[in-house]
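Trainee: Any chance you can model this:
(chains A and B)
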Amino acid sequence: MLRERIQSSNYSFIDKLRSIDYLLILLIIAIGSISVFAIYSTEGGKFSFYTKNHIIRLSVFFSLFLVLSFVRVSTWYKNAYLFYIVGLVLLITVLFFGISASGATRWINLYFLNLQPSELMKIAVIICFARYYHRIQSSDIQSYKFLIQPIILLIIPCYLVIQQPDLGTSILIAGSGIAIIWLAGLNIKYFVYSGLLLLVSLPFVISVLKPYQKSRILTFFNPDRDPLGAGYQIIQSKIAIGSGGFFGKGYLKGTQSYLEFLPEKHTDFIFTLFSEEFGFLGSIILLLLYILLIYRIINVGLVSRSFFAKLYCFGFATAIFLYVFVNIAMVLGMLPIVGAPLPIMSYGGSSLLSIMLGLSIVMSCKIYNQEQISVY
Amino acid sequence: MLNRGRNIEKGRVITRRMFILAAAKILLFAGISSRLYNLQISDREKYEILSDKNRIREWKTPPQRGIIVDNFNKVLASNDRVFQLHLILDEINDFDVTIFKIKNIIGLDQFEIKKLYKKKERLKPWDTLVVSDNLTWEQFSKINLYLHELEGAKPVLSTSRFYPYANDLAHIVGYVGDASPKDLEKPEIKENFVPGLKVGKYGIENSQEKMLIGNYGIKRYEVNASGKRISQIDYIKERQGNKVNLTIDIEIQKYAQELLKGKAGSICAMDIYTGEVVTMASSPTYDPNKFTHGINQKDWQEIKNNPLKPLINKSIAGLYSPGSTFKPLVALAALEYGILDPNKTIRCKGHKHPYELYGVKYHCWKKEGHGYMKLRNAIKQSCDIYFYEMARLLGVDKLSIIAKRYGLGTNVLGDLYNDEKNGLVPDTKWKRRALEQSWYLGETVINGIGQGYIQTTPLQLCLMTAQIANGGYKIKPHIIKDESINYKDVINKIKLDQSNFPLHEKNYLDDIKVEFYQRMYHKKSNINFVLDAMFGSTNEQYGTSYKSRYDDPKYQFAGKTGTSQVRRITDLDRELDLDTDQIEYKKRDHALYVAFAPYKDPRYAISVIIEHGGSGSKAAAPLASKLIKRIIDRHKLREQFNNGNTSLA
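Mentor: Coordinates of the predicted model:
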């Protein structure tokens, strides 16, 4: 065994400032600003509750992001499992003490914020898996002994989240976890086999879904099945986006959302509103901002020395991609409505908190990119 | 070192896999972009339309109904201001509570409330419920006082149909009411209908719907997903229906109705050249205003149960045997066909020696008989015996040709009134077809005095008289002003024709079709003979309407009385010879009178029918006399007005 020295003491504050990824910060600010304008628009151009709250949260969590960015990556590494355990405890707390809204129990009342632990779990799984695969030798990765552990670690939170019920978040958690297992180098055949297995078991999976989830999936395949019920959201969202055209209807002029045809326009359907008002051009620009964001995160991974940092950054980038893709594909009618927020854009404290937390770990990877992390 | 090598290998795997993932991400983002392109650029138009449909909702606003005016542009049917209470359903949280409050404020009864709930069920949640379309001023001001407590309530100033002459025109103008499902099948209503719009139910209101209904306006509002109005973005103004101009003179009409007050019957008058109906009164009548907002049960029962049947438009839907008023036409037919020499003398010997045919006795109305009669005298004194014999000689088929030509047996006003009757002019063919029996000569004989199968409406009798009075020219009776014809030319042409005796190719004794404003007679002298005999009937001693005459040539008229039996007269009746008021109302004869005036240069024809009025000379002729004076007094005014001098209005 080789003991590697931790070189962190060598970093001066100036060095740290120099190695900050300013482009990444700029992208966060850009998307954050766009989100403020979008949420301002959902309120019909009035500066009120949602806008105010969103601005406060953005500034608080952005500051938190800046502060946490200077936490050593090794600290994150050391506390990765703890993070996971805290997440799990919170999820179990939700099970017993959670507060409910519209038929789902997803939140814990923290007085200043209704915390949604499943959102934190998205990051916790990534960081936990990154640590797990950091210490495993590549020769061991393919062995069942080392495969079974992350699968159990993944199934527990997924199961808990599905129970809330929250299919969307559960899929996103599973997706990020699987992404890291993939990145770590697990043989492709496992993915192929489990994919086939999923296909075979799909009828069974559907049979255990809640009626509203089933209806959402059926409606996805045919939105006109129930145009005023489950299909309403998809149809209205498509109408809003389609009627936006190339340049959009103009800021604060999105009739679909302004006239309240859009459901959940400040959360899951924020992209619809944005796309209606800013059109194809605006949507592509926003999409490019997200691509750039993902690219910058991947870039941090590429320049990091430790496997932990690499795995984390690539995993988190993939998670961000998944969130963005699932959300936009959903509002475009390409995926069933499962309830997945658009990172940073959507109104919602927990989601924003977990994204900012995730980003601060990325930034910490960047700042301490030369840090070697001992296996133990 | 081994470890290091492994670590390098591990790092490579991670990076390779990351690039594979990145490639997948790029692919999926490309998928999203192309979807966006599809929605926002390729299918943009489709979604734009859907979006507009979503956010724009239309409300139709009811048009004002066209007004109806009389010959002198006096308004007969207008749109009056009414106070209404509307409820905007989507602004109401608790319908029950609101209705309860309204009930207490304006005082609705249980029945009305039930109706409101029923009405509400048929409406969409964003529709407007009309609680009352005709509030009193008191109710309206009370509602305004409590308005802050009534969510969704909207006091509305609206218009509704108003008939200023109420009862005087019910049968001509008709009335409006809520549209029935059957009304909604009519294209003119279907195309222009707005919930709550009143549509014509009878008369001109009904038949001229296309003219009167107008076009609804459209208010487009931007609405939100629950249908709440956000702002008005478009307003296409409604168009009021067109004016309908009648030929009726409301002054004459009013007077005619007044003359008929307390009686059941009809008075019609028309211009004998233009065919313009000046009055078409029917009695008893009713107030059409009561129907506009739905007639109440009490009023309806009163109208329905009136034994004199106010709902029947007696001028066109009442069928009567013409009685002796038919005699001028019988005489004309006999003369035209050359059946008899007007100087032929027949003796009327009274009830003791009635006219006999195949053992059946036919009595004259005059118990003591008329003595020796020539045709002119027989018309003048209305001797039945003379006409029995004349009809027998003439035959029913020839009589029917002439009777039909002069306007009997077909409806007069076309499809203006859905209840107008055709009447019946019998002939042998008709009887064989309709009753599958052959014709008896005895039926011809009673047909000669206007009894038997023959059935006419008062307006037909008026038309018949008009077409004899104008010298035997076919006219086109109408009640809605016809601007397409220059009547001055028509009158001049007919008058020129009368004096010139031009040759006509047609054989007027055949059953031919005659064009409007063309002559219908075979020999002018025959017409003149009949007109002269009618003059005698009114203006010479022993004439049946001698008492109603005017000596002033300005008003002097010529006419023919008629008394139409409503039942068979038995020998016992003849013995008793009761006065009219001694007979049970239902069994009394109908009194009829037809006339034209002034005798020199006639212009108007009139028919009067008083149901169960007794004799024509006593009950009908005096009314005609009074009305003729009024019509002639107003003639100059009418002429001036119709010739474009509208300043007199």
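
Trainee: Report the closest residue of the stretch 201-350 of chain A relative to chain B.
Mentor: Nearest residue of the stretch 201-350 of chain A to chain B: residue A:242, at 2.6 Å (Cβ to the nearest Cβ). Heads up, the C-betas are built off the backbone N, CA and C, glycines and all.

Trainee: Next up, the contacts around that residue.
Mentor: The neighbours of residue A:242, taking Cβ atoms under 8 Å, 6 or more residues apart in numbering or on different chains as the test, are B:39, B:40, B:43, B:44, B:46, B:47, B:48, B:50, B:51.

Trainee: Tell me which helix or strand it sits in.
Mentor: Using DSSP states H and E, residue A:242 maps to helix A:232-244.

Trainee: thinking again about what came up before, just the buried members of the contacts of residue A:242?
Mentor: For the contacts of residue A:242, a neighbour count by 16 or more other Cβ atoms under 10 Å in any protein chain shown gives the buried set as B:39, B:40, B:43, B:44, B:47, B:48, B:50, B:51.

Trainee: returning to that earlier point: distance check, the residue of the stretch 201-350 of chain A closest to chain B against residue A:264.
Mentor: Note on residue A:242: its distance to residue A:264, by Cβ to Cβ, to the nearest Å, is 19 Å.

Trainee: what's the answer for residue A:155, then?
Mentor: To residue A:264, residue A:155 is 29 Å away according to Cβ to Cβ.

Trainee: just residue B:404 next, same as before
Mentor: For residue B:404, the distance to residue A:264 - Cβ to Cβ - is 80 Å.

Trainee: swap in residue B:13?
Mentor: Distance from residue B:13 to residue A:264, by Cβ to Cβ: 41 Å.

Trainee: So which of those two has more stuff around it?
Mentor: The neighbour comparison of residue B:13 against residue A:264 (other Cβ atoms under 10 Å in any protein chain shown) goes to residue A:264, with 19 against 16.

Trainee: which residues touch residue 71?
Mentor: Looking at chain A here, since you left the chain open. For residue A:71, the contacting residues are A:360, A:364, by Cβ under 8 Å, 6+ apart.

Trainee: not what I meant, chain B
Mentor: Contacts of residue B:71 by Cβ under 8 Å, 6+ apart are B:245, B:246, B:247, B:248, B:249, B:276, B:278, B:481, B:638, B:641, B:642.

Trainee: Can you pull the residues of the stretch 101-250 of chain A lying near chain B?
Mentor: Proximity of the stretch 101-250 of chain A to chain B, by Cβ under 8 Å from any Cβ of the partner chain, involves residues A:137-139, A:179, A:182-185, A:236, A:238-246.

Trainee: Now do stretch B:515-535: distance from first to last residue.
Mentor: Using Cα to Cα, to the nearest Å, one end of stretch B:515-535 lies 28 Å from the other.

Trainee: So which bits of that stretch are buried?
Mentor: Buried-residue list, stretch B:515-535, by 16+ other Cβ under 10 Å: B:517, B:519-522, B:526-527, B:529-531, B:533-535.

Trainee: now stretch B:580-592
Mentor: With burial defined by 16+ other Cβ under 10 Å, the residues of stretch B:580-592 counted as buried are B:580, B:588, B:589, B:590, B:591, B:592.

Trainee: ok, now which ones touch the third one?
Mentor: When contacts are counted by Cβ under 8 Å, 6+ apart, residue B:589 is found next to B:323, B:563, B:564, B:565, B:566, B:580, B:612, B:613, B:614, B:615.

Trainee: tell me the contacts of the residue in the stretch 1-150 of chain A that chain B sits nearest to?
Mentor: With Cβ to the nearest Cβ as the measure, residue A:138 is the residue of the stretch 1-150 of chain A nearest to chain B, at 4.2 Å. By Cβ under 8 Å, 6+ apart, the residues touching residue A:138 are A:185, B:6, B:9, B:10, B:13.

Trainee: for residue B:455, same thing?
Mentor: B:319, B:320, B:321, B:421, B:423, B:424.

Trainee: Narrow those to those that are buried.
Mentor: Using 16+ other Cβ under 10 Å as the burial test, the contacts of residue B:455 include B:319, B:320, B:321, B:421, B:423 as buried.

Trainee: do you know how far the nearest residue to the residue of the stretch 201-350 of chain A closest to chain B once chain neighbours are set aside is from residue A:42?
Mentor: Closest residue to residue A:242 apart from its sequence neighbours, by Cβ to Cβ, 6 or more residues apart in numbering or on different chains: residue B:47 at 2.6 Å. As defined by Cβ to Cβ, residue B:47 lies at a distance of 20 Å from residue A:42.

Trainee: Helix or strand: which one has the residue in chain B that chain A sits nearest to?
Mentor: Going by Cβ to the nearest Cβ, chain A is nearest to residue B:47 of chain B, at 2.6 Å. Under the criterion of DSSP H and E, residue B:47 resides in helix B:44-55.

Trainee: What lies in contact with that helix?
Mentor: The contact list for helix B:44-55 (Cβ under 8 Å, 6+ apart) reads A:236, A:238-246, A:255-256, A:259, A:261, B:39, B:222-224.

Trainee: Show the model's pLDDT score for residue B:314.
Mentor: For residue B:314, the model assigns a pLDDT of 94.

Trainee: Contact partners for it?
Mentor: Applying Cβ under 8 Å, 6+ apart to residue B:314 gives the contacts B:171, B:264, B:265, B:266, B:282, B:283, B:458, B:609, B:611.

Trainee: do residue B:101 as well
Mentor: Contacts for residue B:101 (Cβ under 8 Å, 6+ apart) come out as B:146, B:149, B:150.

Trainee: Same question for residue B:214.
Mentor: B:63, B:64, B:65, B:66, B:192, B:238, B:239, B:240, B:241, B:242.

Trainee: What strand or helix carries the second one?
Mentor: Read it as residue B:64. Using DSSP H and E, no helix or strand contains residue B:64.

Trainee: Phi and psi next, for it.
Mentor: When read as degrees, to the nearest 10, the backbone of residue B:64 gives phi -80, psi 140.

Trainee: so how many other residues sit close to it?
Mentor: 18.

Trainee: Setting aside sequence neighbours, what's the nearest residue to it?
Mentor: Distances taken as Cβ to Cβ, 6+ apart place residue B:240 nearest to residue B:64, at 4.2 Å, with adjacent residues excluded.

Trainee: Residue B:62 is in contact with that neighbour, correct?
Mentor: No. Using Cβ atoms under 8 Å, residue B:240 is not in contact with residue B:62; the gap is 10.6 Å.

Trainee: Contact partners for residue A:166?
Mentor: A:104, A:106, A:118, A:339.

Trainee: Ok, residue B:202 next?
Mentor: Taking Cβ under 8 Å, 6+ apart as the test, what residue B:202 contacts is B:174, B:175, B:417, B:418, B:419.

Trainee: List the neighbouring strands of the lengthiest strand in chain A plus their orientation.
Mentor: Longest strand of chain A, by residue count under DSSP state E: strand A:104-109. Its sheet considered, strand A:104-109 pairs with strand A:99-101 (antiparallel), strand A:114-115 (antiparallel) by DSSP bridges.

Trainee: on that earlier part again, next step: the buried residues of stretch B:515-535 restricted to helices.
Mentor: Mapping those onto helices (DSSP state H) picks out B:526, B:527, B:529, B:530, B:531, B:533, B:534, B:535.
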